[in-house]
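Q: generate coordinates for the sequence data below:
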Amino acid sequence: MQSNLTSRRSFFKSSAAAVAGTALVPYTFTADAEENSKPRSANDRFRIGAIGMRYQGTVITDKAREYGDVVAICDIDRHVREQARSSFGSTPAIYEDYRALLDRKDVDVVTIGTPDHWHTKMLIDACRAGKDVYIEKPLTLTIDEGKQLGKVVRETNRVVQVGSWHRSDDRFRLAVEMVRQGRLGQLKRIEVVLGKNKSGGPFPTRTVPGHLNWDLWQGQTPAVPYIEERCHYTFRWWYEYSGGQLTDWGAHHMDIAQWAAGMEGSGPVRIEGRAKFPDVPDGYNVAIDFEAKYVFPGGVEMVVLDHGRNGILFEGTEGRIFVNRGTLEGSPVEALADAPLPREQYKLYAHDNLARPPREGKLDAIVNHMGNFFDCVKSRQQPISDVYSQHRSVSTCHLGNISMRLGRPLQWDPEKERFVGDDEANGHLAREQRAPYTV
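A: Numbering: from 1, shown residues only. Presented below is the predicted three-dimensional model:
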């Protein structure tokens, strides 16, 4: 793996001059941030700018237009952005450079559905341009990026919702509430199953399609020749752009696990990751087989696996429950029919766009994560999946990947957000970034 990294750095140095003509140039935003912070009427229609329109980017934009009008669309793939414009009424303006979209004074809110390695820079730029943002998970590519994001969001007073929508689903919320209200006794262990990473390769180097700005797609990551499988959906199987299942599904399930354990503002103190890695030139490089074990302050253990039944198993001294997108089960759940949780104990988060707690033991999962975002844009309150808690949960995902890649256990200080006495591990809190796309 180290030889691959070295060759990529060498390629970047040799190709810097070649890409200079297509690189981003310095840019000054002129959008009025103060104007976009004024309270809004409940009847106002928001003006939406959408960045990243393939797969999930189009899904979240479609959900957002229930609350506003899509006036601008951006994607580095001309085919994708033109198709997206036709899907949203043929009226939005289209852009290749997201900064031109952010500079529009008629854009109030922005959705970001790009690959992971672009999330932090785009979110920072959007906040500084005075936009409120709905951004897809996982929030960051590195732990240090999350620290930066927290500072910028706080300084700019923007509303940012992260697309970890399990927090808005009744099944997951009820599971968390049951754990936190002691219906399982003392929480002892959490088992999280995410699923396998994809393997494949070697893949051929190809000529960059004329409709794709490959240099801009790569952004801060090392410049490499174009391989089709690096781009679009399959980007998540390359560590340069993502973190595999540990950050993809992990940003959902591990977030819920950490929320239930009361660790949404903290993190583990010990991490032990194990994995096998592929050795395929120009092939996917995420772990083929993996597991990660975490210990949180207070002794709660969490085991994350790539095999088994996808979901989260909570185990306590008085019972256990299992939850995933279609199921909430276990004897403590069945006991709710005779001893429901009192309504006043639902203190995790309350807003109009969430389903009410189950009545008479029935569970009716209603998800309106986007609605919560727009409610908060109007009220200026923190949304249910705020930047600060999501930084903490995706940091736990990153910690597992770091331990797996180093091949040894690690000690973590969740207050200082640094590894304890381990300079090598602390070197993985950030990644080398390619100019001019640095965060």
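Q: and residue 341, how many neighbours?
A: Around residue 341 there are 15 other residues, counting by other CB atoms under 10 Å. (Glycine included, C-beta is placed from N, CA and C.)
Q: ok, it - contacts?
A: Residues near residue 341 by CB atoms under 8 Å, 6 or more residues apart in numbering: 174, 177-178, 181, 183, 357.
Q: from those, which is closest to residue 407?
A: Nearest to residue 407 out of the contacts of residue 341 is residue 178 (CB to CB; 36.9 Å).
Q: could you list the domains of this structure?
A: The chain breaks down into these domains under automatic domain parsing: 22-166, 168-365+387-426.
Q: nearest to residue 374, of these?
A: For those, proximity to residue 374 was assessed by CB to CB; domain 22-166 is nearest, at 4.2 Å.
Q: average pLDDT across that closest one?
A: What domain 22-166 shows for mean pLDDT is 91.
Q: ok, how many other residues are close to residue 249?
A: Neighbours around residue 249, by other CB under 10 Å: 21.
Q: from the contacts of residue 341, pick the one nearest residue 151.
A: Minimum distance to residue 151 across the contacts of residue 341 is 31.2 Å, recorded for residue 177 (CB to CB).
Q: just the helices in the stretch 51-200 of the chain please.
A: Along the stretch 51-200 of the chain, counting by DSSP state H, counting those that start in this stretch, helices occupy 56-64, 78-87, 98-102, 119-128, 143-156, 170-180.
Q: who are the packing partners of the longest one?
A: In terms of contacts (3 or more CB pairs under 8 Å, 6 or more residues apart in numbering; DSSP states H and E), helix 143-156 is packed against helix 119-128, helix 387-406.
Q: in CSV: the ones you listed, plus distance to residue 227.
A: What follows is the helices and strands packed on helix 143-156, written out as CSV (distance: least, CB to CB, whole Å):
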stretch, distance to residue 227
helix 119-128, 22
helix 387-406, 21
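Q: rebuild those as CSV, extending it with mean neighbour count.
A: Below are these laid out as CSV (neighbours: other CB atoms under 10 Å):
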stretch, mean neighbour count
helix 119-128, 23
helix 387-406, 24
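Q: residue 104: which of the ones you listed is closest?
A: helix 119-128 (11.6 Å).
Q: what lies in contact with that closest one?
A: So helix 119-128 is contacted by 29, 33, 51, 98-99, 102, 110, 112, 114, 133, 135-136, 138-141, 145-146, 148-149, 152-153, 156, 158, 160, 219-220, 437-439 (CB under 8 Å, 6+ apart).
Q: mark which of these are buried, thanks.
A: By neighbour count, with 16 or more other CB atoms under 10 Å, the contacts of helix 119-128 hold 51, 98-99, 102, 110, 112, 114, 133, 135-136, 138-141, 145-146, 148-149, 152-153, 156, 158, 160, 219-220, 437, 439 as buried.
Q: using PDB, list the CA coordinates for stretch 119-129.
A: The C-alpha coordinates for stretch 119-129 follow below in PDB (Å, rounded to 0.1, in the frame of the first residue of the first chain):
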ATOM      1  CA  HIS A 119     -17.600  17.400   1.600                       C
ATOM      2  CA  THR A 120     -15.500  19.500   3.900                       C
ATOM      3  CA  LYS A 121     -14.300  22.100   1.400                       C
ATOM      4  CA  MET A 122     -17.700  22.600  -0.200                       C
ATOM      5  CA  LEU A 123     -19.400  22.900   3.200                       C
ATOM      6  CA  ILE A 124     -16.900  25.400   4.500                       C
ATOM      7  CA  ASP A 125     -17.200  27.500   1.300                       C
ATOM      8  CA  ALA A 126     -21.100  27.300   1.500                       C
ATOM      9  CA  CYS A 127     -21.100  28.400   5.100                       C
ATOM     10  CA  ARG A 128     -18.800  31.400   4.300                       C
ATOM     11  CA  ALA A 129     -21.000  32.300   1.400                       C
END
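Q: how far does that stretch sit from the chain's center?
A: 14 Å (CA atoms, centre = their mean, to the nearest Å).
Q: before we move on, what about stretch 312-332?
A: Between the centre of stretch 312-332 and the centre of its chain there are 25 Å (CA atoms, centre = their mean).
Q: so what would you say the end-to-end distance of it is?
A: Using CA to CA, to the nearest Å, one end of stretch 312-332 lies 15 Å from the other.
Q: retrieve the pLDDT associated with residue 8.
A: Residue 8 is assigned a pLDDT of 34 by the prediction.
Q: and the spatially closest residue to residue 204 that is not a sequence neighbour, how many neighbours?
A: Once flanking residues are discounted, residue 204 sits nearest to residue 227: 7.2 Å by CB to CB, 6 or more residues apart in numbering. Residues lying near residue 227 (other CB under 10 Å) number 18.
Q: wait, doesn't residue 227 sit right on residue 283?
A: No - contact criterion CB atoms under 8 Å: residue 227 and residue 283 do not qualify, at 9.2 Å.
Q: circling back to that earlier point, CSV please, covering the contacts of residue 341 and showing neighbour count, pLDDT and distance to residue 235.
A: Formatted as CSV, the contacts of residue 341 follow (neighbours: other CB atoms under 10 Å; pLDDT from 0 to 100; distance: CB to CB, whole Å):
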residue, neighbour count, pLDDT, distance to residue 235
174, 24, 93, 34
177, 19, 93, 35
178, 25, 95, 36
181, 13, 92, 40
183, 22, 96, 40
357, 19, 45, 39
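Q: which of these sit farthest apart?
A: Maximum distance among the contacts of residue 341 (CB to CB): 13.5 Å, for 183 and 357.
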